[in-house]
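Here is the input, now give the coordinates:
(2 chains)
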Amino acid sequence: MKKFAIVLLLAIAATSLSVAQDIKIGGIGPVTGEAATFGVSTKNGMTLAVEEWNAKGGVFGGRKVKLIFEDDKGDPAESATVYTKLIQQDGVVAIVGTVMSKCTLAGAPICQAAGIPMITPASTNEKVTQVGDYIYRACFIDPFQGTVGATFAFKNLNVKSAAAIFDLGNDYTKGLAENFKLTFEKLGGKVVAYEGYPTGVTDFKAQLTKIVAAKPEVLYIPDYYNDVGLIAKQARELGFKGPMVGGDGWDSPDLVKIGGKAVENGYFTNHYSPDDTRPAVQDFVKKYTAKFGQKPDALAAQAYDAMYIMLDAIKRAGSTKGTVIRDALAKTNIDVVSGNIKFDANRNPIKAAVIIEIKDGKQVYKATVKP
Amino acid sequence: MTRFKTPKLLITAAVVYGVIQALYSLGIINGYILHIINQSLIYVILAASLNLINGITGQFSLGHMGFAGIGAYVSGTLTTLIFKLNPSIPGSYLLFIVAILAGGLVAALVGFLIGFPSLRLKGDYLAIVTLGFGEIIRTVFNNIEYVGGPRGLLGIPKFSNFTVIFIVTFLSVAVIRNIIQSPHGRAMLSIRENELASELVGINTTRYKVLSFATGAFFAGIAGGLFAHLLQLAHPTQFGFSKSVEILIMIYAGGVGSLTGSIVAAFALTFLSEGLRLGIRALADATGLPIGGEWRMVIYALLLIFIMLFRNEGLMGTKESKVILIEEAD
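Below is the predicted model of the structure:
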């Protein structure tokens, strides 16, 4: 009888041991190649999130997380290999990755076919989540920023007329401009000028002269920082004095170098700001800086958030089964660094964006805007 | 052409195919290994076809992936946007083959158009022209909205499975081998050895250079088509200069002028790149050293330098395996 009890105890111990197995999560980012800084921030963000969860005692039933991080070099072919490796070789239960849209698009069909839930921290291409019901994203999609920019201009800057100038040959800037116009007019404002320019030009005076003549109160410039700097300068030269608004393409120290004083009184939508005073943000910035010796950028925050969203879903699922995690992801409602996250029917997050102001040549946190 | 006997290559290929398929169905090799094998096979086509241009004919092309890009985009456009194929319908594989062939033919046509003027000249002109061509192709894909522009051609159906890739690779290698070991191939070889001398013995050097270039482009286009239907997308950045250099490395590491070398190097380098991933992970786990995946490419590059230092003729030199060589029939 005693022997039997010992065997029983051993059996229980054995099963509890096997239950306490680590939960394997795949992480992917381009730590080498042209987007290496994105990859390193991504890896750091994920690592920090996993450490925090493990310090708290794991995800569920005392099961800790084992992060298996792989490099995709920012190359779709490499990305497809890495996704296959994590699923087939390592047997991960979910994947957080990857950064560049073209790489995520090479990996998403693999996850969808294998029934492995995945969440991309930073791929903004709309098509990513359209691959299937296992594919989520933690960042907002491109057009969303236009909506937020318009809401901010109308409600926070309190202007009633606006103009937009955009690159005709670039999906990103076109998408932002279109959505800005749509939302601004829906709110009751008036878009008095709406001008496109071909990719690669450096002289925007033809379009800007028209815009300035229409006397808008705000100018929307949803391009990357190098063009924005030039446009801002030329707009000021032509006598435009009002505020300017843009998207996350502005997020570069070079914006002020190119635009100088012209980009003052400029605002742009971004995923997160390290100066945000919310405790979640400050706590994250403190821990990240202590561990990695530098301030976290938007990619680090997004990767950290994406990992939190995934682990939270696994915790609520209480299971490592793909279908159960997928269904739990759909019911996500969690407060993370970039704000409260819920998912819409297309598996894109419904979340707030932060507005950053250019003040005395520095980026200053201005506000958080909900769509 | 009747004196060519293919059975040796065919039998070897059939055995290799059977073994891999058996190991996969027994679960000894998983989907990850099979994926690397698939990629290696596509690289075999790319390396073998570039070897025909650079190794056999002695020209220097720097834009080989540009032709793969043409193949990828043409076949991808056909299967995705025009035929709107779905792999679950059995007959669709026929149209897929048509699309892949169309990709190869368009690539060959472009190769002919580029090669015809530049190959009439002697010297490094081809290298410069192909370098420019590779960049132009990338820019063209970037600016055609119909095929996705800078976002790439997405949602390509997954037709490239192990069987398809294996058969196409086998056929490509067999054809390239037959060309090399035919009188045409001898003519190409003579151009590599001495262009002036081969002209003097009556070889139309321009004709053979263009022929080799267009044939190489054709197979690169085929490989590009397979790649697009394996990854399920075609993106302009996949076909740039740095990718062409990867193929160049393969033929130099394998041995310029050796078809066997191209096959060996395509497999060895693809598996090495993935093997280092696992190796570095194992080393880091065992020793606790803070070495991450980013060291993989450093070691990979070092190994390549060592190959070139200690075996600068490449792994195979100009030697061919017995399987590749054709025996004269009685």
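
Tell me the helices and strands packed up against the lengthiest helix in chain B.
For chain B, the helix with the greatest residue count under DSSP state H is helix B:259-287. Secondary-structure packing of helix B:259-287 (3 or more Cβ pairs under 8 Å, 6 or more residues apart in numbering or on different chains; DSSP states H and E): helix B:31-51, helix B:162-180, helix B:241-254, helix B:296-310. Every C-beta, even on glycine, is put in place using the N, C-alpha and C of the backbone.

Tell me which residues touch the most centrally placed residue in chain B, please.
The centre of chain B sits closest to B:Leu46, judged by Cα atoms, centre = their mean, with a distance of 0.7 Å. With contact set as Cβ atoms under 8 Å, 6 or more residues apart in numbering or on different chains, B:Leu46 has these partners: B:His64, B:Met65, B:Ala68, B:Phe219, B:Ala220, B:Ala223, B:Ile247, B:Met250, B:Ala266.

List the buried residues of stretch A:351-364.
A:Lys351, A:Ala352, A:Ala353, A:Val354, A:Ile355, A:Ile356, A:Glu357, A:Ile358, A:Gln363 (16 or more other Cβ atoms under 10 Å in any protein chain shown).

again, but for stretch A:30-42
Buried residues in stretch A:30-42, counting neighbours by 16+ other Cβ under 10 Å, are found at A:Pro30, A:Val31, A:Thr32, A:Gly33, A:Ala35, A:Ala36, A:Phe38, A:Gly39, A:Val40, A:Ser41, A:Thr42.

Is that stretch positioned near chain B?
Yes. Stretch A:30-42 lies within reach of chain B by Cβ under 8 Å from any Cβ of the partner chain, at A:Val31, A:Thr32, A:Ala36.

Tabulate these (CSV), appending pLDDT and secondary structure.
Converted to CSV, the residues of stretch A:30-42 next to chain B look like this (pLDDT from 0 to 100; DSSP: H, G, I helix; E, B strand; the rest coil):
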residue, pLDDT, secondary structure
A:Val31, 89, coil
A:Thr32, 86, coil
A:Ala36, 82, helix
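
Pipe these into a markdown table and attach distance to A:Asn265 per row.
Converted to a markdown table, these look like this (distance: Cβ to Cβ, whole Å):
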| residue | distance to A:Asn265 |
| --- | --- |
| A:Val31 | 38 |
| A:Thr32 | 40 |
| A:Ala36 | 34 |
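
of the residues you listed, closest to A:Ala94?
Closest approach between these and A:Ala94, by Cβ to Cβ: A:Val31, at 20.0 Å.

Skip the chain neighbours and tell me the closest residue to the closest one.
A:Gly39 (3.8 Å; Cβ to Cβ, 6 or more residues apart in numbering or on different chains).

How about A:Thr289?
A:Lys295 (5.9 Å).

So for the one you found, what's the pLDDT?
For A:Lys295, the model assigns a pLDDT of 86.

Distance of the most centrally placed residue in chain A relative to B:Gly152?
Nearest residue to the geometric centre of chain A (Cα atoms, centre = their mean): A:Cys139, 3.0 Å. From A:Cys139 across to B:Gly152, the span is 19 Å (Cβ to Cβ, to the nearest Å).

and the residue nearest to A:Lys190 when sequence neighbours are not counted, what does it touch?
Once flanking residues are discounted, A:Lys190 sits nearest to A:Ser161: 4.8 Å by Cβ to Cβ, 6+ apart. By Cβ under 8 Å, 6+ apart, A:Ser161 lies in contact with A:Gly189, A:Lys190, A:Val191, A:Val192, A:Lys215, A:Pro216, A:Glu217, A:Val218.

Could you do A:Gly249 as well?
So A:Gly249 contacts A:Tyr172, A:Thr173, A:Pro222, A:Asp223, A:Tyr224, A:Tyr225, A:Val228, A:Phe268 (Cβ under 8 Å, 6+ apart).

try it again with 10 Å
Counting by Cβ atoms under 10 Å, 6 or more residues apart in numbering or on different chains, A:Gly249 touches A:142, A:145, A:170, A:172-173, A:176, A:221-228, A:255, A:268-270.

any idea how far A:Asp223 is from it?
With Cβ to Cβ as the criterion, A:Gly249 and A:Asp223 are 6 Å apart.

Now do the shared contacts for the two.
A:Asn170, A:Tyr172, A:Thr173, A:Leu176.

Report the separation between the third one and B:Gly293.
When Cβ to Cβ is applied, the distance between A:Thr173 and B:Gly293 equals 34 Å.

Could you check which of those two is surrounded by more residues?
A direct count of neighbours by other Cβ atoms under 10 Å in any protein chain shown for A:Thr173 and B:Gly293 places A:Thr173 higher, at 28 against 22.

host element of that one?
helix A:171-186 (DSSP states H and E).

Now that helix: buried residues?
A:171-181, A:183-184.

same deal with stretch B:21-39?
B:Tyr24, B:Ile29, B:Asn30, B:Gly31, B:Tyr32, B:Ile33, B:Leu34, B:His35, B:Ile36, B:Ile37, B:Asn38, B:Gln39.

out of those residues, who's near chain A?
Residues of those in contact with chain A (Cβ under 10 Å from any Cβ of the partner chain): B:Ile29, B:Asn30, B:Gly31, B:Tyr32, B:Ile33, B:Leu34, B:His35, B:Ile36, B:Asn38, B:Gln39.

Which element, helix or strand, includes the nearest residue to the first one once chain neighbours are set aside?
With Cβ to Cβ, 6+ apart as the measure, B:Leu23 is the residue that lies nearest to B:Ile29, at 4.7 Å, once sequence neighbours are left out. Here B:Leu23 is covered by helix B:7-25, with elements defined by DSSP H and E.

chain center to that helix, what's the gap?
20 Å (Cα atoms, centre = their mean, to the nearest Å).

and what of stretch A:337-345?
11 Å.

Equivalent analysis for stretch A:212-226, please.
Stretch A:212-226 sits 25 Å away from the centroid of its parent chain (Cα atoms, centre = their mean).

Let me see the backbone angles for the residue in chain B sticking out farthest from the centre.
No residue in chain B sits farther from the centre than B:Gly288, which is 38.9 Å out by Cα atoms, centre = their mean. Main-chain dihedrals, B:Gly288, degrees, to the nearest 10: phi 80, psi 10.

separation between it and chain A?
For B:Gly288, the distance to chain A equals 16 Å [Cβ to the nearest Cβ, to the nearest Å].

where do the strands sit along the stretch 51-200 of chain A?
A:65-71, A:94-96, A:118-120, A:135-137, A:161-167, A:190-197 (DSSP state E, counting those that start in this stretch).

and the angle for the fifth one with helix A:171-186?
In other words, strand A:161-167. 170 degrees (axes from the mean of the first three to the mean of the last three Cα atoms, to 10 degrees).

mind giving me TSV with the strands of the stretch 51-200 of chain A and columns for mean pLDDT and distance to A:Ala330?
As requested, the strands of the stretch 51-200 of chain A are arranged in TSV below (pLDDT from 0 to 100; distance: least, Cβ to Cβ, whole Å):
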stretch	mean pLDDT	distance to A:Ala330
strand A:65-71	93	21
strand A:94-96	96	14
strand A:118-120	96	12
strand A:135-137	95	8
strand A:161-167	94	34
strand A:190-197	94	36
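
what about whichever residue of the stretch 101-250 of chain B sits closest to chain A, how many neighbours?
Residue of the stretch 101-250 of chain B nearest chain A, by Cβ to the nearest Cβ: B:His235 (4.6 Å). For B:His235, the tally of surrounding residues (other Cβ under 10 Å) stands at 29.

give the contact list for it.
Neighbours of B:His235 in contact, by Cβ under 10 Å, 6+ apart: A:75-77, A:100-103, A:105-106, B:69, B:72, B:138, B:141-142, B:148, B:150-154, B:228.

how close does A:Pro117 sit to B:Val129?
48 Å.

which stretches of the stretch 51-200 of chain B form helices?
For the stretch 51-200 of chain B, the helices defined by DSSP state H, counting those that start in this stretch cover B:64-76, B:92-118, B:125-143, B:162-180, B:183-193, B:195-200.

tell me, which of these is the model least confident about?
helix B:125-143 (a mean of 88).

Briefly note if it comes near chain A.
Yes. Counting by Cβ under 10 Å from any Cβ, contacts between helix B:125-143 and chain A involve B:Asn142, B:Asn143.
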